[in-house]
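*Asks:* Coordinates only, no sequence provided:
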């Protein structure tokens, strides 16, 4: 599966599962009820859906221009951390406003989410890529020699 269909399936599955994790985590850490943290998780998810689509599009734009397109553990970790760090800029004010807490308290709550969500993101991406294959941006390009065969190598060296 490739293209926009892959992105839609990815974002939908990722965010539905992520929303459930976020609701439980926020409920546990804030002491608020799920009736309060559930709508907050929905808002967080809505922001994350839009940002996820934009971030992954930009990441794949960068990735396809790299010499190595292999999604190594290092690249996956950097992808997950990069997403969370940029997302936090949008979420801290929302969390503070919704729960009537300070920006610092919102940062602490969001930091707790930042600890668990990258782990979830790494595991989700690993499983998703295993089920649906990696996107074209992460696939190694085919060498010209492979396409042209030995005749192509002979003419390429002349």
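*Replies:* Right, received. Where do you want to start? The shown structure was predicted, so the numbers you read here are calculated from the model rather than taken from an experiment.
*Asks:* Only C-alpha atoms from now on, for both contacts and neighbour counts.
*Replies:* OK.
*Asks:* how about stretch 89-107: buried residues?
*Replies:* Neighbour counts using 16 or more other C-alpha atoms under 10 Å place 91, 92, 93, 94, 95, 96, 105, 106, 107 of stretch 89-107 among the buried residues.
*Asks:* Can you measure across that stretch, start residue to end residue?
*Replies:* Terminal residues of stretch 89-107 are spaced 10 Å apart (C-alpha to C-alpha, to the nearest Å).
*Asks:* Contacts for it, please.
*Replies:* For stretch 89-107, contacts defined as C-alpha atoms under 8 Å, 6 or more residues apart in numbering pick out 40, 44, 47, 110.
*Asks:* do stretch 9-16 as well
*Replies:* In contact with stretch 9-16 (C-alpha under 8 Å, 6+ apart) are residues 45, 48, 49, 52, 53, 121, 124, 128.
*Asks:* Next: stretch 125-142.
*Replies:* Contacts for stretch 125-142 (C-alpha under 8 Å, 6+ apart): 1, 2, 3, 10, 60, 61, 63, 64, 68, 69, 70, 71.
*Asks:* quick one: the last one from residue 27, how far?
*Replies:* Noted for residue 71: a distance of 34 Å to residue 27, by C-alpha to C-alpha.
*Asks:* What of the fifth one?
*Replies:* For residue 60, the distance to residue 27 (C-alpha to C-alpha) stands at 34 Å.
*Asks:* swap in the third one?
*Replies:* Relative to residue 27, residue 3 is positioned 36 Å away (criterion: C-alpha to C-alpha).
*Asks:* neighbour count winner among the two?
*Replies:* Counted by other C-alpha atoms under 10 Å, residue 3 and residue 27 do not tie: residue 27 has more neighbours, with 18 against 9.
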